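Engineer: pasting a predicted model and its sequence here:
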Amino acid sequence: MKITVIGSGYVGLVTGTCLAEVGNHVCCLDVDPAKIAMLQAGGIPIYEPGLDEMVRRNVAAGRLTFTTDVAESVAFGEIQFIAVGTPPDEDGSADLQYVLAAARNIARHMDGYKVVVDKSTVPVGTGDKVRAAIAETLAERGVELPFAVVSNPEFLKEGAAIEDFMKPDRIVVGADDARAIELMRRLYAPFQRNHERILCMDVRSAELTKYAANAMLATRISFMNELANLAETLGADIELVRQGIGADPRIGYHFLYPGVGYGGSCFPKDVKALVASGHEHGHELKVLSAVEAANDAQKLRLVDKVVREFGADLSGRRFALWGLAFKPNTDDMREAPSRVIVRELTRRGAEVVAFDPVATHEARRVMGDNPRLTFADDMMSPLEGADALLIVTEWKAFRSPDFDAVRAALKQPLIFDGRNMYDPAWLRGIGFAYHAIGR
Ligand SMILES: NC(=O)C1=CN([C@@H]2O[C@H](COP(=O)(O)OP(=O)(O)OC[C@H]3O[C@@H](n4cnc5c(N)ncnc54)[C@H](O)[C@@H]3O)[C@@H](O)[C@H]2O)C=CC1
Ligand SMILES: O=C(O)[C@H]1O[C@H](OP(=O)(O)OP(=O)(O)OC[C@H]2O[C@@H](n3ccc(=O)[nH]c3=O)[C@H](O)[C@@H]2O)[C@H](O)[C@@H](O)[C@@H]1O
């Protein structure tokens, strides 16, 4: 099949590449000429494990191309995926300007039947807005052409995006047009060879399903973070509690890890957008407002612990910080808790020397203007003479460091671990003062 993907970011590039991998011909469009030039030159603008080889392979096979030319991309595919950003507006609601611009571009250039598939995360009712934008633009052109609007939300996680796309738990298709549903079934057949994974529903339910999934996962995390804070006060160990409840299949083990708060490009913005959507329609989503407030507070939890140890004024202190990305296996710094933590430490006068295995270049871009923050190229050098080590992202490389070397480098053996990487009893046994989350 011939497919166009509009927006070549995390979702668009992964979607386009995985669809090419199973034999389709895919044209990826972006408005960012630098991004497209880099892709055309064989580079990959994001860090996503396995993506570079897959892109290279499909480009070489002639199945994957990149362009900034809207007319060319619209002409290419019968199926047009929209995978552009939906960032929060000032009031927290999703800003649909990029989605609607993409829809109008399709309408401006189409000359036959198109299935417009929205993969961006969008509020309920966006399908209708996309349909109206296309109809309006076609009317301006004075033409009548058939088209369908489908909602096909994406559930991939950064860092595991290819695996998630190639082996989805479910494929949600919101549509009411039989021809479009048939095309979507054919498109996704290669991804569900052992059992049916497509859940067909109406567009509004599909749109809401996406927010519901992210909001539910964010709720679990905030719940565990609050419980972890309580466990600290009560002298219980949240890690044991996590295992104790995760064993119940009705609860399950996933997304029960307390930490420094959820970050990334989606949970924070999607929780906000769902709350805003509730407001707009006269519903106060009380649970979700609390989820968000708890998360904002959690991002400062590690700093609170540092302040308890060193006092509110941190001038003259220097801290080593491991992990900048909002989670491991990505270079994405959007809403990363590290940004809040570094801002607060340095606002209180501290110096921070940070190391991240892949996100340093992105971190430099978004935090490089902080004169009290420097970046190291290796994980051990920030420790030299530092007052303490703070762990913010649970990269594998941090799981089993040489603790003798860590102790020798630090001014004192003191670790603030925002990701519960180590066994507290063992670490204390070898002489560290160890502050984790909820233990
Ligand atoms: N990042 C993730 O893990 C996931 C993101 N999503 C959703 O997918 C959507 C896209 O997210 P990301 O890929 O992370 O965003 P991104 O910011 O990485 O990529 C969006 C791309 O769209 C381009 N763009 C904007 N307007 C355009 C237009 N009119 N024509 C062509 N290209 C245009 C931008 O230049 C950018 O490269 C969002 O709604 C997000 O909530 C859904 C699931 C997972
Ligand atoms: O809509 C999206 O964009 C995506 O958002 C999340 O994926 P992602 O943001 O890539 O990352 P997650 O692995 O979900 O982690 C999000 C944040 O929650 C934190 N987290 C996660 C799990 C946990 O138990 N505890 C916890 O604090 C992570 O550290 C991270 O900061 C969802 O997991 C995806 O299904 C969804 O498609």
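Structural biologist: Received the coordinates, thanks. Ligands and ions are numbered 1, 2, ... in the order given.
Engineer: up against ligand 2, what does the stretch 101-250 of the chain have?
Structural biologist: Proximity of the stretch 101-250 of the chain to ligand 2 (CB under 6 Å from any ligand atom) is limited to residues 121, 154-158, 214, 217, 221. Bear in mind the C-beta positions are built from the backbone N, C-alpha and C, glycine included.
Engineer: so which of these sit within strands?
Structural biologist: Among these, no member falls in strands (criterion: DSSP state E).
Engineer: pull out the buried residues from the residues you listed.
Structural biologist: Among these, those buried by neighbour count (16 or more other CB atoms under 10 Å) are 121, 154-156, 158, 214, 217, 221.
Engineer: how far away from the center of its chain is the helix or strand hosting residue 277?
Structural biologist: Residue 277 belongs to helix 267-280 when assigned by DSSP states H and E. With CA atoms, centre = their mean, to the nearest Å as the basis, helix 267-280 stands 16 Å off its chain's centre.
Engineer: and stretch 357-377, by the same measure?
Structural biologist: Taking CA atoms, centre = their mean, one finds the center of stretch 357-377 at 19 Å from the center of the full chain.
Engineer: what's the end-to-end length of that stretch?
Structural biologist: Terminal residues of stretch 357-377 lie 8 Å apart, using CA to CA, to the nearest Å.
Engineer: what's the distance between residue 312 and residue 331?
Structural biologist: Relative to residue 331, residue 312 is positioned 33 Å away (CB to CB, to the nearest Å).
Engineer: which ones are touching residue 157?
Structural biologist: residue 164 (CB atoms under 8 Å, 6 or more residues apart in numbering).
Engineer: pLDDT wise, what is it at?
Structural biologist: We have a pLDDT of 96 for residue 157.
Engineer: pretty sure residue 111 sits against residue 138.
Structural biologist: No. In this structure, residue 111 is not within contact of residue 138 by CB atoms under 8 Å, at 10.8 Å.
Engineer: what's the burial count for the nearest residue to residue 295 once chain neighbours are set aside?
Structural biologist: Nearest non-adjacent residue to residue 295, counting by CB to CB, 6 or more residues apart in numbering: residue 261, 4.6 Å away. When neighbours are counted by other CB atoms under 10 Å, residue 261 registers 27.
Engineer: am I right that residue 261 is in contact with residue 302?
Structural biologist: No. Between residue 261 and residue 302 there is no contact under CB under 8 Å: 9.5 Å.
Engineer: more neighbours, residue 312 and residue 331?
Structural biologist: residue 331 (21 against 8).
Engineer: what does the stretch 301-439 of the chain put close to ligand 2?
Structural biologist: 326-327.
Engineer: just the element for residue 149, please.
Structural biologist: Residue 149 is part of strand 147-151, with elements assigned from DSSP H and E.
Engineer: the very next helix or strand once past that strand near ligand 1 at all?
Structural biologist: Using DSSP H and E, the helix or strand that directly follows strand 147-151 along the chain is helix 161-166. No. Helix 161-166 lies out of reach of ligand 1 by CB under 6 Å from any ligand atom, never closer than 6.7 Å.
Engineer: shift numbering so it begins at 6
Structural biologist: Yes, from this point I'll number from 6; that puts the last item at helix 166-171.
Engineer: name the helices or strands packed onto the next helix or strand after helix 166-171?
Structural biologist: Of the helices and strands lying after helix 166-171 in sequence (DSSP H and E), the nearest is strand 176-179. Using 3 or more CB pairs under 8 Å, 6 or more residues apart in numbering; DSSP states H and E as the contact test, the elements touching strand 176-179 are strand 152-156, helix 183-193, strand 203-206, helix 208-239.
Engineer: is ligand 1 contacted by the last one?
Structural biologist: No. No part of helix 208-239 sits near ligand 1 under the criterion CB under 6 Å from any ligand atom; the closest distance found is 7.3 Å.
Engineer: what's stretch 15-24 in contact with?
Structural biologist: 8, 10-11, 13, 31-33, 35, 44, 49-51, 53, 56, 59-60, 63, 69, 86, 88-89, 124-125, 159, 161, 163, 166-167, 170-171, 192, 270, 337.
Engineer: those in helices, which ones?
Structural biologist: Mapping the contacts of stretch 15-24 onto helices (DSSP state H) picks out 44, 56, 59-60, 63, 166-167, 170-171, 192.
Engineer: and which of those is nearest ligand 1?
Structural biologist: Lowest distance from ligand 1 to the ones in helices among the contacts of stretch 15-24 (CB to the nearest ligand atom) belongs to residue 166, with 6.7 Å.
Engineer: burial count for the closest one?
Structural biologist: 25.
Engineer: which ones are touching it?
Structural biologist: Residue 166 makes contacts with 15, 19, 53, 56, as judged by CB under 8 Å, 6+ apart.
Engineer: same check, this time on residue 427
Structural biologist: Shown in contact with residue 427 (CB under 8 Å, 6+ apart): 420, 439, 441.
Engineer: how near is the second one to residue 398?
Structural biologist: Right, the one you point to is residue 439. Residue 439 is 18 Å from residue 398, by CB to CB.
Engineer: ok, residue 107 next?
Structural biologist: In terms of CB to CB, residue 107 sits 33 Å off from residue 398.
Engineer: list the contacts for the residue lying closest to residue 54 once chain neighbours are set aside?
Structural biologist: Spatial nearest neighbour of residue 54, chain neighbours left out: residue 334 (5.8 Å); criterion: CB to CB, 6+ apart. Taking CB under 8 Å, 6+ apart, we find residue 334 in contact with 52, 54, 163-165.
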